[in-house]
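S.K.: Following is a predicted model, sequence given first.
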Amino acid sequence: MSSAATLAAGNASGTVRRPLWVALGLVAITALLVIAGTCVGSAGWEPLWGARDAAAAIVWDIRLPRSLGAWLAGAMLGLAGAVAQGLFRNPLADPYLLGSSTGASFGVALLLLLLGGAAPGATAWWTHAGLAGGGFVGALGAVVITLVLARGVQQTLRLLLAGVVVGMVFGALTSLVMLWSPEVLRAMQGFLLGTTGFIGWSGVVLLALVLAVLVLTAIALSPGLDALALGEATAQSLGVPLASLRLGLVAVMALATGAAVAQVGLVAFIGLVAPHLVRATALPTHRWLLPLSALAGGVLLLAADVGARWLLAPQELPVGVLTALLGGGYLLWLMHRRLR
């Protein structure tokens with residue numbers, strides 16, 4: 001009995017130790033990427049050492065908040081992706097399933113129409129804050145309509161279908177606004193392709209506070225996700241309150257997606273790929289999977305942001321285009337490997 005207990009304790013220790021090492025590795029990569037993000041400017045690689053006062057101001061007022069904001073937005077998308085995949089029990093689920101992305105697009109397009117199609121790159125900080133608020137309100141509005149159409153969160157399949165319908169309707173409404181006012185299309189280009197260039201310190205503080213609350217809430221709900229992975233009937237027999245669990249998970253996913261999309265626009269594949277990368281390096285329960293997916297999502301978006309600024313400097317690639325190319329390529333490789 002003592003040897004069996006020792007073996008079980010060793011297996012449990014190994015189960016915890018590996019996710020912990022993955023977390024430490026992701027934190028180390030994050031620190032390196034933040035340093036790289038502060039060294040990459042409009043002219044390419046610009047080391048921090050020897051920087052003058054003007055260059056130091058650019059680093060602290062522009063590059064550092066942009067890098068930190070990119071990481072925080074990616075962490076939110078990674079967390080939302082892990083929640084979506086656990087809630088719908090589908091490894092191809094992503095944070096945009098409930099129509100939040102198209103809802104955010106419609107909110108931004110409608111606000112730009114009211115502003116006369118002003119381009120974000122030429123407006124004041126309060127306009128950027130207004131656009132972020134419009135995107136957030138649009139995303140949450142789409143999720144609320146999805147919940148109303150699905151008659152609550154009792155049935156996962158109905159919730160998924162309602163999200164698809166709401167996404168199509170809001171996408172059509174956004175296209176209608178851009179057709180009505182072509183200036184809106186030009187102004188929305190950065191939002192639709194994804195950009196981290198407008199994140200300031202206020203956005204960083206807001207994202208950090210929201211992320212901290214959502215991660216703690218998701219970890220508190222993680223035992224229910226583990227039970228839900230065994231099937232709804234099994235989870236119900238274990239005493240899991242499915243209605244309140246689904247409502248909490250939908251709230252986490254909607255708030256995380258809405259806050260991230262409001263700051264960086266439509267960035268594809270981060271929420272889909274981040275949980276897969278975590279599962280490829282460790283096999284954690286949801287208590288570890290959720291925060292590790294947040295760390296992985298932050299690393300992915302920050303790495304894409306640094307690459308988007310560096311690859312074609314002084315020109316800058318849209319970060320959403322880069323994440324779509326890299327994320328799509330990874331998923332194709334993953335499908336090919338599993339087929340083989």
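M.R.: All right, it came through fine. Keep in mind that this is a model prediction, so the values were computed, not measured.

S.K.: got a list of what Ala262 touches?
M.R.: By C-beta atoms under 8 Å, 6 or more residues apart in numbering, Ala262 lies in contact with 104, 131-136, 139. The C-beta positions use only the backbone N, C-alpha and C, and glycine is treated the same way.

S.K.: same deal with Pro95?
M.R.: Counted by C-beta under 8 Å, 6+ apart, Pro95 has contacts 77, 80-81, 83-84, 253, 256-257, 260, 271.

S.K.: Distance check, Leu245 against Val83.
M.R.: Between Leu245 and Val83 the distance is 11 Å, computed by C-beta to C-beta, to the nearest Å.

S.K.: Looking at those two, which is more packed in?
M.R.: A count of neighbours by other C-beta atoms under 10 Å puts Val83 above the other of Leu245 and Val83, at 33 against 19.

S.K.: host element of the more buried one?
M.R.: Using DSSP states H and E, the secondary-structure element containing Val83 is helix 64-88.

S.K.: Now the element after that helix, going C-ward?
M.R.: Next along from helix 64-88, by DSSP H and E: helix 100-114.

S.K.: now for that next one, which elements pack on it?
M.R.: Using 3 or more C-beta pairs under 8 Å, 6 or more residues apart in numbering; DSSP states H and E as the contact criterion, the secondary-structure elements in contact with helix 100-114 are helix 125-149, helix 156-180, helix 182-193, helix 242-264.

S.K.: Low-confidence stretches in the stretch 1-150 of the chain?
M.R.: Residues of the stretch 1-150 of the chain meeting the criterion pLDDT under 70: 1-16, 41-55, 116-131.

S.K.: switch the cut-off to 50
M.R.: Low-confidence regions of the stretch 1-150 of the chain, defined here as pLDDT under 50, cover residues 1-14, 119-125.

S.K.: ok, Leu272 to Leu289 distance?
M.R.: Remark: distance between Leu272 and Leu289 (C-beta to C-beta) = 14 Å.

S.K.: In the stretch 201-340 of the chain, what residue spans correspond to helices?
M.R.: Read by DSSP state H, counting those that start in this stretch, the stretch 201-340 of the chain holds these helices, from start to end of the chain: 201-228, 232-237, 242-264, 270-281, 286-310, 319-339.

S.K.: So for Val40, which of those sits nearest?
M.R.: Distances from Val40 to each of these were compared using C-beta to C-beta; the shortest belongs to helix 286-310, at 4.8 Å.

S.K.: what separates the closest one from the chain centre, distance-wise?
M.R.: In terms of C-alpha atoms, centre = their mean, to the nearest Å, the centre of helix 286-310 is set 9 Å apart from its chain centre.

S.K.: what angle separates it from helix 64-88?
M.R.: Angle of helix 286-310 versus helix 64-88, following axes from the mean of the first three to the mean of the last three C-alpha atoms, to 10 degrees, is 140 degrees.

S.K.: can you list the helices of the stretch 201-340 of the chain in TSV and add mean pLDDT and distance to Ser175?
M.R.: Rendered in TSV, the data for the helices of the stretch 201-340 of the chain read as follows (pLDDT from 0 to 100; distance: least, C-beta to C-beta, whole Å):
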stretch	mean pLDDT	distance to Ser175
helix 201-228	91	28
helix 232-237	82	37
helix 242-264	87	18
helix 270-281	90	24
helix 286-310	93	26
helix 319-339	80	18
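
S.K.: any chance of those helices in TSV, with distance to Leu157 too?
M.R.: As requested, these are exported to TSV (distance: least, C-beta to C-beta, whole Å):
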stretch	distance to Leu157
helix 201-228	14
helix 232-237	11
helix 242-264	12
helix 270-281	20
helix 286-310	21
helix 319-339	23
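
S.K.: Not counting sequence-adjacent ones, nearest residue to Ser101?
M.R.: Distances taken as C-beta to C-beta, 6 or more residues apart in numbering put Leu266 closest to Ser101, at 5.5 Å, once the chain neighbours are dropped.

S.K.: Can you give me the neighbour number for that neighbour?
M.R.: Neighbour tally, Leu266, other C-beta under 10 Å: 21.

S.K.: Also Leu311?
M.R.: Applying the criterion other C-beta under 10 Å, we find 12 residues in the vicinity of Leu311.

S.K.: Kindly report the same for Pro314.
M.R.: Pro314: 9 surrounding residues under other C-beta under 10 Å.

S.K.: Give me the pLDDT value at it.
M.R.: According to the per-residue confidence, Pro314 scores 77 in pLDDT.

S.K.: so what's the backbone phi/psi at it?
M.R.: When quoted as degrees, to the nearest 10, the phi and psi of Pro314 stand at phi -80, psi 0.

S.K.: Thr174 versus that one, what's the distance?
M.R.: Distance check for Pro314 against Thr174: by C-beta to C-beta, it reads 31 Å.

S.K.: For stretch 56-68, C-alpha coordinates in PDB please.
M.R.: Taking Å, rounded to 0.1, in the frame of the first residue of the first chain, the C-alpha atoms of stretch 56-68 are listed here in PDB:
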ATOM      1  CA  ALA A  56      12.900  57.200 -24.100                       C
ATOM      2  CA  ALA A  57       9.600  59.100 -24.100                       C
ATOM      3  CA  ILE A  58       8.500  57.100 -27.200                       C
ATOM      4  CA  VAL A  59       9.500  53.900 -25.500                       C
ATOM      5  CA  TRP A  60       7.500  54.600 -22.300                       C
ATOM      6  CA  ASP A  61       4.500  56.400 -23.800                       C
ATOM      7  CA  ILE A  62       4.000  54.400 -27.000                       C
ATOM      8  CA  ARG A  63       5.900  51.100 -27.300                       C
ATOM      9  CA  LEU A  64       5.600  49.800 -23.800                       C
ATOM     10  CA  PRO A  65       1.900  50.300 -23.400                       C
ATOM     11  CA  ARG A  66       1.300  48.900 -26.900                       C
ATOM     12  CA  SER A  67       3.300  45.800 -26.000                       C
ATOM     13  CA  LEU A  68       1.600  45.300 -22.700                       C
END
